[in-house]
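> sequence unknown, structure follows:
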């Protein structure tokens, strides 16, 4: 009409769509390159951390809307490794997030201490008390000698049996010759003090060694307390 091409009402939106799609495609390509570049330089000096699938870990991320308030929480569970520096982690509340390795550290389980266990307690299962002293009569050594030949097994077990008294855990006096310590006359004698809080324990240990016959009273002036 009048030397011009007719333009319908939908032609302008179509041209606008085409004009916007071209920059969008270029922007998407640039975005991928820039993201890879940012990730490369961010991880350039970072220490490589590796976690196995199913491993429990601590996580550092904000627990509220305030991004500046973050603390270590957990344990979370490693589900999969997304890339060399990111992991897919299951949070304690069941949600799943992608977290950078910098915000993950290994979970160390803490052993809960128990002060006293009574005989009628059943929560801990069967408890075997630790013997203080082991008698030679009921001493039983369990040694894995399956890797040895038959002759070597017999020889080693006979050796253990013949010297069972040395392996019983009961302290005894060594059957060796006497040894004399000769002090140099005129040597300066130093005073070694013991803390008051440690004196009861030292007295108990001295009394125990004296009852076992390992030490005896001495009148020599060789030390001061």
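Done, it's in. No experiment lies behind these values; they were computed from the predicted model shown.

> can you map out the helices along the protein?
For the chain, applying DSSP state H gives helices covering 11-42, 150-162, 199-211.

> Which one, of the ones you listed, ends up nearest to residue 60?
Shortest distance between residue 60 and those, using CB to CB, is found for helix 11-42: 16.0 Å. For glycine as for every other residue, the C-beta is placed from the backbone atoms N, C-alpha and C.

> Next, the buried residues of stretch 92-105.
For stretch 92-105, burial by neighbour count (16 or more other CB atoms under 10 Å) applies to 99-101, 103-104.

> Closest to residue 17 out of the residues you listed?
For the buried residues of stretch 92-105, the nearest to residue 17 is residue 100 (37.5 Å; CB to CB).

> quick check: longest strand of the protein.
Longest strand in the chain by number of residues (criterion: DSSP state E): strand 70-83.

> Give me the mean pLDDT for it.
The average pLDDT within strand 70-83 is 86.

> Going by neighbour count, list what's buried in that strand.
In strand 70-83, counting by 16+ other CB under 10 Å, buried: 74-78.

> if we take these, which one ends up nearest to residue 56?
residue 75 (4.0 Å).

> Wait, the closest one touches residue 54, no?
No. Counting by CB atoms under 8 Å, residue 75 sits too far from residue 54 to count as a contact (11.5 Å).

> and residue 77, bridged to which residues?
With DSSP bridges applied, residue 77 shows beta-bridge pairing to residue 56, residue 90.

> is it true that it touches residue 56?
Yes. Counting by CB under 8 Å, residue 77 touches residue 56, with 6.1 Å between them.

> Just list what the longest strand of the chain packs against, helices and strands only.
Contacting strand 70-83 under the criterion 3 or more CB pairs under 8 Å, 6 or more residues apart in numbering; DSSP states H and E are the following elements: strand 56-62, strand 86-90.
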